[in-house]
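Undergrad: Sharing a model prediction with you, sequence too.
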Amino acid sequence: MKTWLKENLPFPVKLAAKRLRAWLSSFRQNGRDTWTTEQPLLSTDGALNWQQVAEVAHGISPPTAISGRAIKTSIVIPVFNKAEFTFQCLRYLLQEIDLNDTEVILVDNASSDETASLLTRFAHVVRTIRNETNQGFVDACNLGAAQARGKYLVFLNNDTIVQTAWLTTLLDTIENNDKIGAVGSLFLYPDGSIQEAGGVIWKSGEAYHYGWGKATSERKYIFAREVDYCSGASLLIRKDLFDELGGFDRRYAPAYYEDADLCMGVRALGFQVVYQPASRVVHYEGATAGRDVATGVKQNQITNATKFREKWAEVLQRDHLPNDRRNIESAARRDRRPAVIVFDDRVPTPDRDAGSARMCAILTSLASRYRTVFVYLSDGPRGEYEKSLWKGGIETAPIVDYPRLLRQQPFKAAVISRPHVAEAVMRSIQRRAPAVKIIFDMVDAHYLRFGLEYKLTGDPEIGRQANRYKQIELELARRSDLIWCNSSEDKKAVAVEAPGIPIEVIPTIHELHKRGKAFGERTGLLFIGNFNHSPNRDALQFFVKEIFPLVRGLLPDVEFDVIGNNATSEIQALASDSVKLHGYVPEVDELFAGARVFVAPLRFGAGVKGKIGEALAYGLPVVTTDIGAEGMGFQNGHQAMVRNDPQSFAKAIVEIYRDAALWERLSRNGREHIAAHFTREVVELTILASIADES
């Protein structure tokens, strides 16, 4: 057993023996994989289990139309012996991809073991090219690519196990940015530690695996970024670029340095090479070629390094850093754009509140032009929300790390969102980095919102909050270089109190959605809001108690759907046969697509109201109040109906509910209004101009 491990799984010496023996011991005791719940590993004896092979092959259905189907992605896998690795690779690969738009091409380099028999079992779902002699990695990949029909090529080693979303995240990355020419994956060892988080090429031509042996819990390794190269063991490239470069350069045949050379070629054509950590593979490094550079095919690693240095000597000297551990972090981030640091209370949850959706749009806009780092104040659950930022190339850090970040790199601007966050860090940033442009993002003017609530309720505690926030927010505004407000009304009020400080309006930001069902297919009323927010609690109680009974008097069968988490006991008490509280709903498309009227009876608040913009982005007509319409730029009756007292509010709902022509006009005009003023493409112009001192 030890001999088999030594010959077939030659990990770097410090990682191999101890980790694998411990894992195998655990595997025997537990009968299952213990390093991840997603992927079991190879059998401990390395032999093929033909019954398992038959079951797996039989369980994979062929595409609906094999011949003539449109192919988006061609996955090319060179193989030479090691049938057990090839089976394990196919076993998980074929569960992860859609064979209707993806083809798998295996190039068998004259294997002498059970590989041919294995591939026969999968002939209904993969294409096999059989070489009479071992052509090596370079020629095998070029041969497979020559027969590929996809827009994208993916080169994949057979000693890998792809993880969930491996291919979709590679495709998402390259399809969302036409400047990207190639995308590579995060490589993991079987124990879950990092094998490669993007590659560095030093001025000497030596290659370095960034993150080697480190943990994925270290955030600096797990956000997408531009790099020197990514390993060809899992690398996606545009096929037209691959063809333009002439494929893998044959000077490196049979193997080694061909992937680094290809990525250098991609960058020479003006495209980026991006490392995408959301695409993950477990890689049995050296399983097919070993690790001894003095024998076998590994000898080419030494000779090809010389060829690589000679070919790219000018570029290496001009654009690459010397091999020095002090240069590692700089070398691992090829992005040389100016940097922006953004502070907020927490990692945004865009499907749960409008403020988070706005922050995500801001971060995406900034990342399109700047290296963007997001720092969060609170340390609550992050999970998939933080991963989505990493996938988009946004580095994240808890608040304790921001002094280190300010020391390590210069930032062009610091965007500080919300008053309590700005109160915590603004002075410190100005002291530590006085050249940084300070942008105070008020989100909405809290003192205005509390002031309206106090006017409505007369609650002295609310009045004290209004006075407190006015003092805090205006002091912060006066210390800033630029202020972001959420609405034009907020801007006017703040401008009076902070004269001379530039102010820009960054409203809620919305993506346009499909308009959903036709008028006659829709029923019911809809409201959405997070009930941690007091304006939402007040609005719902006001509607259910004072407006909805009037509506039911004219529309006795109408029902009211309410979406929103953090419902208090008072909110839960509003539920009835006609008032349905759904709580948090992760996918809201169906509710927006099927409702006939959206209601937003807000009586206090500040800034542009995200719920109204979201409804209009779906083409769902809205009835709201003057407070709800603030900052939206509506013409009453054209993009939305604006009413304040219960009677006229109810009447407007009924009118829209019954009049198909009115409904259609409001639906169309409202959606067009969002497209013209509130999409990311529109608001992004102001965001980027703010950073670039063009405001």
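TA: Arrived safely, thanks for sending.

Undergrad: partner strands of the longest strand belonging to the chain, parallel or antiparallel?
TA: Longest strand of the chain, by residue count under DSSP state E: strand 272-283. Using DSSP bridges, the strands paired with strand 272-283 are strand 160-162 (antiparallel), strand 180-188 (parallel), strand 225-226 (antiparallel).

Undergrad: can you count the residues close to residue 553?
TA: Residues near residue 553, counting by other CB atoms under 10 Å, number 10. Backbone N, C-alpha and C define where each C-beta goes, glycine included.

Undergrad: all helices for the stretch 401-550 of the chain, in order.
TA: 402-408, 419-432, 446-457, 460-479, 488-497, 534-542, 548-554 (DSSP state H, counting those that start in this stretch).

Undergrad: returning to that earlier point: would you list the strands paired with strand 272-283 in JSON lines and tack on distance to residue 578?
TA: Formatted as JSON lines, those follow (distance: least, CB to CB, whole Å):
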{"stretch": "strand 160-162", "distance to residue 578": "49"}
{"stretch": "strand 180-188", "distance to residue 578": "51"}
{"stretch": "strand 225-226", "distance to residue 578": "52"}
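
Undergrad: winner for burial among those strands?
TA: strand 180-188 (a mean of 27; mean count of other CB atoms under 10 Å).

Undergrad: Pull the distance from it to the chain's centre.
TA: 15 Å (CA atoms, centre = their mean, to the nearest Å).

Undergrad: So for residue 358, which of the helices of the stretch 401-550 of the chain sits nearest?
TA: Proximity to residue 358 (CB to CB) singles out helix 488-497 among these, at 13.5 Å.

Undergrad: any low-confidence regions in the stretch 301-450 of the chain?
TA: Along the stretch 301-450 of the chain, segments meeting pLDDT under 70 span 380-381.

Undergrad: Quick one: closest of the strands paired with strand 272-283 to residue 307.
TA: strand 180-188 (20.7 Å).

Undergrad: Following element in sequence after the closest one, please.
TA: Per DSSP states H and E, the first helix or strand lying C-terminal to strand 180-188 is strand 194-196.

Undergrad: Which neighbouring elements make contact with that following strand?
TA: strand 180-188 (3 or more CB pairs under 8 Å, 6 or more residues apart in numbering; DSSP states H and E).

Undergrad: Export only the CA atoms of the strand it packs on, formatted as PDB.
TA: Written as PDB, here are the backbone C-alpha positions of strand 180-188 (Å, rounded to 0.1, in the frame of the first residue of the first chain):
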ATOM      1  CA  ILE A 180     -10.900  38.000 -20.200                       C
ATOM      2  CA  GLY A 181      -9.200  35.400 -22.500                       C
ATOM      3  CA  ALA A 182      -8.700  32.500 -20.100                       C
ATOM      4  CA  VAL A 183      -9.900  31.400 -16.700                       C
ATOM      5  CA  GLY A 184      -8.400  28.900 -14.300                       C
ATOM      6  CA  SER A 185      -9.600  27.100 -11.200                       C
ATOM      7  CA  LEU A 186      -8.600  26.800  -7.500                       C
ATOM      8  CA  PHE A 187      -6.600  23.500  -7.000                       C
ATOM      9  CA  LEU A 188      -7.000  21.700  -3.800                       C
END
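
Undergrad: follow-up on the earlier one: what residues sit buried inside the longest strand of the chain?
TA: 272-283 (16 or more other CB atoms under 10 Å).

Undergrad: again with stretch 330-344
TA: 331-335, 339-344.

Undergrad: mind showing which ranges of this structure have poor pLDDT?
TA: Judged by pLDDT under 70, the stretches of the chain that qualify are 1-46, 65-68, 286-299, 380-381, 694-695.

Undergrad: switch the cut-off to 50
TA: Low-confidence segments of the chain (pLDDT under 50): 1-40, 44, 290, 292-296, 695.

Undergrad: What residue in it is the furthest from its centre?
TA: residue 553 (46.9 Å; CA atoms, centre = their mean).

Undergrad: picking that back up, turn the buried residues of strand 272-283 into TSV, columns for distance to residue 585.
TA: Converted to TSV, the buried residues of strand 272-283 look like this (distance: CB to CB, whole Å):
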residue	distance to residue 585
272	37
273	39
274	33
275	35
276	30
277	29
278	25
279	29
280	29
281	34
282	35
283	39
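
Undergrad: coming back round to it: inside helices: which ones of the buried residues of stretch 330-344?
TA: Those of the buried residues of stretch 330-344 mapping onto helices are 331-332, per DSSP state H.
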